[in-house]
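Q: When you get a sec, could you give me coordinates for this:
(one chain, ligands or ions: 2)
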Amino acid sequence: MTKLYQRKIVLLGDPGVGKTSLVQRYIYDRFHRDYMTTLGLNFYVRTFEYPDAEVKLMIWDIAGQKSRRKIGLRYLQGASGALLTYDLTKPETFNNLSGWYEDLRTANNQKDVPVILVGTKLDLAQTKQLPLSFNLKTLGDTPAAKANLIFTSAKTDTNVDAAFNLIIQQIVSGVIPIPDISPKIIEKISTKILFFVKKGDAWSKVALNHIEKVAKKFALEVETIDAETDPQIVDAYGVTAYPTIIAGGRHLVGIVQIAHLESILHQMLEKSA
Ligand code: GDP
Ligand code: MG
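A: Ligands and ions are numbered 1, 2, ... in the order given. You can find the predicted model right below:
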């Protein structure tokens, strides 16, 4: 019997940061310079099929460019995940993310809803040669401060799928039971760092550099698996977002988590000692 799950994802962030552009790129693979600002809500659905389950994701986007004050908590209620978006060319929009996150928690009985931090308009930031800012301090010690961070451009279609995949993977991992992992795979995990990449992903190179350094310290081997050439291996490990590494049986997804690889390995080794 196939089980059907419905989950809600909301897009949050200041007016004009590029929420609608992001979701339109994701769903329709298109980019417009100007969007009609209509009243109400834009609403998108994507369904993902798994062996015994179907996950229907509803992505909610506020139509028009509403400020935080004008958005009712109802929009945020029942969200299983959120993209906290900010404009890389306007650092002040990052500082407002803590407020958005607070609203998200308030609307969901103080639950820690999974979030991804998404910097938008990467193309513009690069043209203007701006530093890619993210002031994590403004998020205090909330779970949002430890969330994955990804830089995107809806215009050039950079990392848009990846941003959605990151949040989807978090949501789905709470819904779909972890697939049985064969003993052979477990053996591999304890002696190697598995690095899953998608060709052409700009982050992969940066991440690999870092991973190899850390691996050397811990005398671990790194095995790189390409999503396109080895789809079965990717499936077997349940990887849906890139870059992902699996170390000690843990999936670390996205550049921020990968940046924490060393401390995570330290913790794991301490526990097993
Ligand atoms: P929203 O209010 O957060 O939904 O923002 P919109 O998606 O309506 O975008 C606001 C403005 O930023 C529009 O003029 C978009 O064309 C522009 N924009 C959005 N994403 C990008 C991007 O990745 N690159 C560039 N250069 N402009 C973008
Ligand atoms: Mg919009």
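
Q: So what's the residue count around Leu117?
A: Other residues near Leu117 come to 27 when the count uses other C-beta atoms under 10 Å. C-beta: built from backbone N, CA, C; applies to glycine.

Q: so it makes contact with Thr93?
A: No: if you go by C-beta atoms under 8 Å, Leu117 and Thr93 don't touch, sitting 11.4 Å apart.

Q: and for those two, which residues touch both?
A: Both Leu117 and Thr93 are contacted by Tyr86, under the criterion C-beta atoms under 8 Å, 6 or more residues apart in numbering.

Q: buried stuff in the one helix or strand Glu102 maps to?
A: Using DSSP states H and E, Glu102 sits in helix 97-107. Under the neighbour-count criterion of 16 or more other C-beta atoms under 10 Å, helix 97-107 has 97-98, 100-101, 103-105, 107 buried.

Q: Which member of these is positioned nearest Thr47?
A: Thr47 has its nearest neighbour among the buried residues of helix 97-107 in Leu104, at 24.1 Å by C-beta to C-beta.

Q: contacting residues for the closest one?
A: When contacts are counted by C-beta under 8 Å, 6+ apart, Leu104 touches 10, 12, 76, 79, 82, 113, 115.

Q: Next, the residue nearest to the spatial centre of the chain: phi, psi?
A: Taking C-alpha atoms, centre = their mean, the centroid of the chain lies closest to Leu166, which sits 2.8 Å from it. Main-chain dihedrals, Leu166, degrees, to the nearest 10: phi -60, psi -50.

Q: pLDDT at it, what is it?
A: With respect to pLDDT, Leu166 scores 82.

Q: So it versus ligand 1, what's the distance?
A: Per C-beta to the nearest ligand atom, to the nearest Å, Leu166 is found 17 Å from ligand 1.

Q: So which of the buried residues of helix 97-107 is the closest to Pro243?
A: Leu97 (23.2 Å).

Q: residue contacts, the closest residue to the closest one other than its chain neighbours?
A: Of all residues not flanking Leu97 in the chain, Leu84 sits nearest, at 4.8 Å (C-beta to C-beta, 6 or more residues apart in numbering). By C-beta under 8 Å, 6+ apart, the residues touching Leu84 are 12-13, 97, 100-101, 115-118, 144, 147.

Q: could you pull out the strands for the stretch 51-200 of the chain?
A: 53-62, 79-87, 115-120, 148-151, 192-197 (DSSP state E, counting those that start in this stretch).

Q: Save these as a markdown table, and put in distance to ligand 1 too.
A: Converted to a markdown table, those look like this (distance: least, C-beta to the nearest ligand atom, whole Å):
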| stretch | distance to ligand 1 |
| --- | --- |
| strand 53-62 | 7 |
| strand 79-87 | 7 |
| strand 115-120 | 5 |
| strand 148-151 | 10 |
| strand 192-197 | 23 |
